[in-house]
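1. Let me see the structure of the following:
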Amino acid sequence: MTKPRVWTTGDLKRVAELAGTMPERELRRRLKLSRNQLKYAVNRLRSLGVAVTTRYYEPQLETCPVCGCRRATLGKDGICEPCRLKRQLEEIEWRVSELMARLTPEQRAVYEKSEAQRESRADPMPKPRPTDGLDGYERAKASEEHDAAMEAWAAAYLKRRVKAAQKRKERIQEKVNENDRRRNVRQEGREEAGGGHQGEGARHEGHRRGA
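-> Residues are numbered from 1 along each chain as shown. Predicted coordinates:
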């Protein structure tokens, strides 16, 4: 006759920790329990007031290979929307730094002061759902819901930053273009003035020879 299993506090704690974090078959294999033994442990834990279930929440999110966060959607390039927007923002800011170098020191000072006052607003960050009293299934579900909410929050904030950076780039590009036009006009004026002096000098030389 098989001796009944003696359950220790550690055994029950292990069941409570792992229950709901993996399919029931894998859970029983990991803990080396039969179906009836697992059922007994769950009932025992519940009688002690522990929220426990063997229901397994199948993950719906994927891990982004760049940031390592769980994300609801990955784009065609295989990365999440926040990471894609960060790359786009970096490219725009790099172009802005190139354009800033083409401004006069006075213009740069004005832009740096005015742009420092421009700040993209951020909505309140999503708060995680309280998990006290939830079983493993509900905790896993709540965790993924929070990750998805954080992804949406980050994407919305980064979109505003990208839009603001793009407008900033366009404003600086206009000033650079204006500087280039003025520089070209001054250059043309100097060339015309130089050409006029050369023509006048040639006429004087011609008069001297004719005399």
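
2. Show me how the chain divides into domains.
-> Under automatic domain parsing, the residue ranges defining each domain of the chain are 7-56, 60-207.

3. Serialize those domains to JSON lines and add fields for mean neighbour count.
-> In this view, the C-beta of every residue, glycine as well, is placed from N, C-alpha and C. Shown next, in JSON lines, are the domains of the chain (neighbours: other C-beta atoms under 10 Å):
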{"stretch": "domain 7-56", "mean neighbour count": "15"}
{"stretch": "domain 60-207", "mean neighbour count": "14"}
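
4. mind checking the longest helix of the protein?
-> As far as residue count goes, and with DSSP state H defining each element, the longest helix of the chain is helix 136-210.

5. Packing partners of that helix?
-> For helix 136-210, the contact count by 3 or more C-beta pairs under 8 Å, 6 or more residues apart in numbering; DSSP states H and E identifies strand 70-71, helix 81-100, helix 105-116 as packing neighbours.

6. how far is it from where the chain is centred?
-> Averaging C-alpha positions (C-alpha atoms, centre = their mean, to the nearest Å) puts helix 136-210 26 Å from its chain's average.

7. where does the chain dip in pLDDT?
-> 1-3, 116-120, 193-211 (pLDDT under 70).

8. Just want the most central residue of it.
-> Closest residue to the average C-alpha location of the chain: residue 82 at 3.1 Å, with C-alpha atoms, centre = their mean.

9. correct me, but that one touches residue 158?
-> Yes. Between residue 82 and residue 158 there is a contact under C-beta atoms under 8 Å: 5.8 Å.

10. doesn't residue 17 make contact with residue 52?
-> No. Assessed by C-beta under 8 Å, residue 52 is found out of contact with residue 17, at 9.5 Å.

11. what do the two both touch?
-> By the contact definition C-beta atoms under 8 Å, 6 or more residues apart in numbering, residue 52 and residue 17 are jointly contacted by no residue.

12. residues touching residue 172, list them.
-> Remark: with contacts taken as C-beta under 8 Å, 6+ apart, residue 172 is in contact with 96, 99-100, 103, 111.

13. Thanks again, I'm all set now.
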